[in-house]
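Engineer: Just need the structure, nothing else, for what follows:
(one chain, ligands or ions: 2)
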Amino acid sequence: MAVARPIRMLAASCIILVLFLIFQMNKTPALISKGSSSSSSTPYEGITSDPLKDPTGEPEGKLWRVTDGDYSPGNSKSPRTNAALISLVRNEELHELIPTIRDLERTWNSKFNYPWIFFNDQPFTEEFKKLTQAETKAKCYYEQVPKEHWEVPEWIDMDLFRESAQLLKEKGIQYSDKISYHQMCRWNSGLFYQHPALQNYRYYWRVEPKVKFFCDVDYDVFRYMEDRNLTYGFTINLFDAPESIPSLWPETKKFLAANPTYLNKNNMMNWLTDDQLRPEHTEAANGYSTCHFWSNFEIGDMEFFRGEQYSAYFEHLDRAGGFYYERWGDAPVHSIGLGLFADKNKVHWFRDIGYNHIPYYNCPTSPKCSGCTPAKFYAGEPWLAKEDCRPSYFKHVGTH
Ligand SMILES: Nc1nc2c(ncn2[C@@H]2O[C@H](COP(=O)(O)OP(=O)(O)O)[C@@H](O)[C@H]2O)c(=O)[nH]1
Ligand SMILES: [Mg+2]
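Structural biologist: Numbers count the residues shown, from 1 in each chain. Ligands and ions are numbered 1, 2, ... in the order given. The predicted structure follows:
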């Protein structure tokens with residue numbers, strides 16, 4: 001039986017519409033695009049193109065280069081400032097760490113020779129020490145985390161921890177039942193800068209095994225921080241899983257109510273509480289957008305973390321128990337601390353440092369870079385694109 005023409009047209013239109021929708025769902029989304037808000041049909045107001053598509057050069061102003069002084073390792077009169085490359089790592093990760101050290105030495109540290117300090121809750125093996133030191137002319141130090149910084153605090157109820165961990169696991173929160181992951185997050189949140197081996201250092205650059213660096217950086221990054229009195233530098237800005245931090249923002253609000261003068265007048269509250277880019281995230285995290293500096297890369301001023309505001313904030317969070325009863329990460333904790341107590345003009349996006357920790361990238365368009373695709377933000381499934389919080393950061397804070 002012949003199908004009437006209008007029906008044929010309708011069927012064809014439906015097929016075209018379905019194909020179009022499938023294409024839209026599968027295509028790689030524009031990095032800086034509309035908000036994923038289902039409740040809002042208005043475009044996300046903010047930056048419309050990924051700044052990494054534009055050519056990236058070196059930052060402006062005076063930069064310290066190898067030609068500005070004698071950066072040989074061990075030269076106490078070098079222009080180096082008091083800073084170190086730091087890495088918390090397990091002995092078993094040695095072979096994932098070596099290529100990372102090699103990358104960072106090749107692109108940067110072989111020029112400036114800042115010391116490396118490795119941290120571990122266990123003693124490092126002789127093999128670990130030998131193979132890491134062999135990758136750099138700079139001095140390497142091997143430090144154990146003090147027991148009292150790593151152990152679960154006495155006020156944590158372990159039965160409650162196990163129960164909560166199980167619930168989080170059922171919600172698909174990775175590592176929620178792995179106690180060492182909670183210990184690591186807590187240490188990175190509020191204890192690393194209290195380690196005796198770091199007491200005489202001001203700046204740190206955090207490095208994790210398996211991360212990659214792609215671009216030659218020809219200036220002393222730590223002097224860059226010092227000369228501009230910067231507090232913190234990052235490469236990637238991401239959303240977090242709200243289920244891992246439901247009470248982090250409510251606890252933060254309690255802390256702020258008790259300490260209203262701690263809030264920096266130039267804070268980043270609008271970024272922390274953005275409810276436009278991913279409203280359902282902000283709602284699920286009880287008012288926090290979950291946007292954070294991805295802390296597997298960070299270059300920071302420990303004076304900020306050791307300062308009155310952040311120290312008191314960490315103390316409050318630590319007592320609240322969320323490092324164990326939930327799975328608070330050091331990334332949201334550092335980020336909220338910075339967003340509230342630091343001056344937003346003292347936080348810097350190191351757009352020129354090509355970086356990858358699986359699965360996200362910071363890959364600038366620059367002849368100094370190789371091995372990554374310029375402006376490609378992630379590798380893997382297309383849904384990863386929506387974890388990008390840079391549009392919100394650029395909108396509320398800027399691209400500096
Ligand atoms: N020494 C030590 N390092 C750890 C432990 N757990 C994690 N780390 C380190 O902490 C960092 C973050 O851990 P990782 O497994 O990469 O977490 P992810 O990046 O969130 O998947 C890495 O540098 C790890 O080497 C631990 O129990 N002991
Ligand atoms: Mg990692």
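Engineer: In the protein, where is pLDDT below threshold?
Structural biologist: 1-3, 6-7, 9, 12, 14-45 (pLDDT under 70).
Engineer: Which residues does the strand or helix carrying F161 contact?
Structural biologist: Taking DSSP states H and E as the definition, F161 sits inside helix 158-170. Residues from elsewhere that reach helix 158-170 (C-beta atoms under 8 Å, 6 or more residues apart in numbering): V152, S176, D177, I179, H182, E243, S244, Y324, Y325, E326, R327. C-beta here means a position set from N, CA and C on the backbone, and glycine is covered the same way.
Engineer: List the buried residues in that helix.
Structural biologist: Residues of helix 158-170 classed as buried: F161, S164, A165, L168 (neighbour count, 16 or more other C-beta atoms under 10 Å).
Engineer: what helices or strands is the very next helix or strand once past it leaning on?
Structural biologist: Proceeding N to C from helix 158-170, the next assigned helix or strand is helix 179-190, under DSSP H and E. Where contact means 3 or more C-beta pairs under 8 Å, 6 or more residues apart in numbering; DSSP states H and E, helix 179-190 is packed against strand 83-88, helix 147-150, helix 308-320, helix 322-325, helix 330-341.
Engineer: How far off centre is helix 179-190?
Structural biologist: Here helix 179-190 is found 15 Å from its chain centre; the criterion is C-alpha atoms, centre = their mean, to the nearest Å.
Engineer: One more: stretch 322-331?
Structural biologist: Centroid displacement of stretch 322-331 relative to its chain, using C-alpha atoms, centre = their mean, is 15 Å.
Engineer: Is ligand 1 within reach of that stretch?
Structural biologist: No. Figure legend: stretch 322-331 not in contact with ligand 1 (C-beta under 6 Å from any ligand atom); closest approach 7.3 Å.
Engineer: where does H316 sit relative to ligand 1, distance-wise?
Structural biologist: 24 Å (C-beta to the nearest ligand atom, to the nearest Å).
Engineer: who in this structure is up against ligand 1?
Structural biologist: The chain has residues L88, V89, R90, E93, N120, D121, S180, M184, E208, P209, N296 near ligand 1, with proximity defined as C-beta under 6 Å from any ligand atom.
Engineer: and with 8 Å instead?
Structural biologist: The chain has residues 87-91, 93, 97, 119-122, 145, 174-175, 180-181, 183-184, 188, 207-210, 296, 329, 357 near ligand 1, with proximity defined as C-beta under 8 Å from any ligand atom.
Engineer: Weed out the non-buried ones from these.
Structural biologist: 87-90, 93, 97, 119-121, 145, 175, 183-184, 188, 207-209, 296, 329, 357.
Engineer: and the gap between the residue of the stretch 301-400 of the chain found nearest ligand 1 and W294?
Structural biologist: Residue nearest to ligand 1 within the stretch 301-400 of the chain: H357 (6.4 Å; C-beta to the nearest ligand atom). Distance, H357 to W294, using C-beta to C-beta, to the nearest Å: 7 Å.
Engineer: list residues touching both of the two?
Structural biologist: Counting by C-beta under 8 Å, 6+ apart, the residues touching both H357 and W294 are I236.
Engineer: which residues of this protein fall in strands?
Structural biologist: All strands of the chain, identified by DSSP state E, fall at 83-88, 116-120, 140-144, 203-206, 212-213, 232-234, 237-238, 292-293, 298-301, 347-349, 355-357, 360-362.
Engineer: Out of the ones you listed, which gets nearest to T67?
Structural biologist: Of all these, strand 83-88 sits nearest to T67, with 19.8 Å by C-beta to C-beta.
Engineer: got the CA coordinates for that closest one in CSV?
Structural biologist: Backbone C-alpha positions of strand 83-88 (Å, rounded to 0.1, in the frame of the first residue of the first chain) are rendered in CSV as follows:
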residue,chain,number,x,y,z
ALA,A,83,61.2,27.2,46.2
ALA,A,84,61.0,23.5,45.5
LEU,A,85,59.4,20.9,43.3
ILE,A,86,57.4,18.6,45.5
SER,A,87,55.8,15.3,45.0
LEU,A,88,53.9,12.9,47.3
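Engineer: Provide the count of other residues in contact range of E154.
Structural biologist: Residues near E154, counting by other C-beta atoms under 10 Å, number 5.
Engineer: correction: F118
Structural biologist: With other C-beta under 10 Å as criterion, F118 counts 23.
Engineer: Tell me who's in contact with it.
Structural biologist: I86, S87, L88, V89, F124, F128, T132, C140, Y141, Y142, E143.
Engineer: which residues touch the fifth one?
Structural biologist: Same thing as F124. With contacts defined as C-beta under 8 Å, 6+ apart, F124 is in contact with N91, F118, Y142, Q144.
Engineer: Quick check: beta-bridge partners of the second one?
Structural biologist: Each beta-bridge partner of F118 is listed here: S87, Y142, as defined by DSSP bridges.
Engineer: what about it, distance to R327?
Structural biologist: Distance from F118 to R327, counting by C-beta to C-beta: 25 Å.
Engineer: In the stretch 51-200 of the chain, what residue lies closest to ligand 1?
Structural biologist: Taking C-beta to the nearest ligand atom, the stretch 51-200 of the chain has S180 as its residue nearest ligand 1, at 3.5 Å.
Engineer: And that residue, how close does it get to Y324?
Structural biologist: The gap separating S180 from Y324 is 12 Å, by C-beta to C-beta.
Engineer: Same question for Y201.
Structural biologist: Distance, Y201 to Y324, using C-beta to C-beta: 29 Å.
Engineer: who has more neighbours, these two?
Structural biologist: Between Y201 and Y324, counted using other C-beta under 10 Å, Y324 has the larger neighbour count: 24 against 19.
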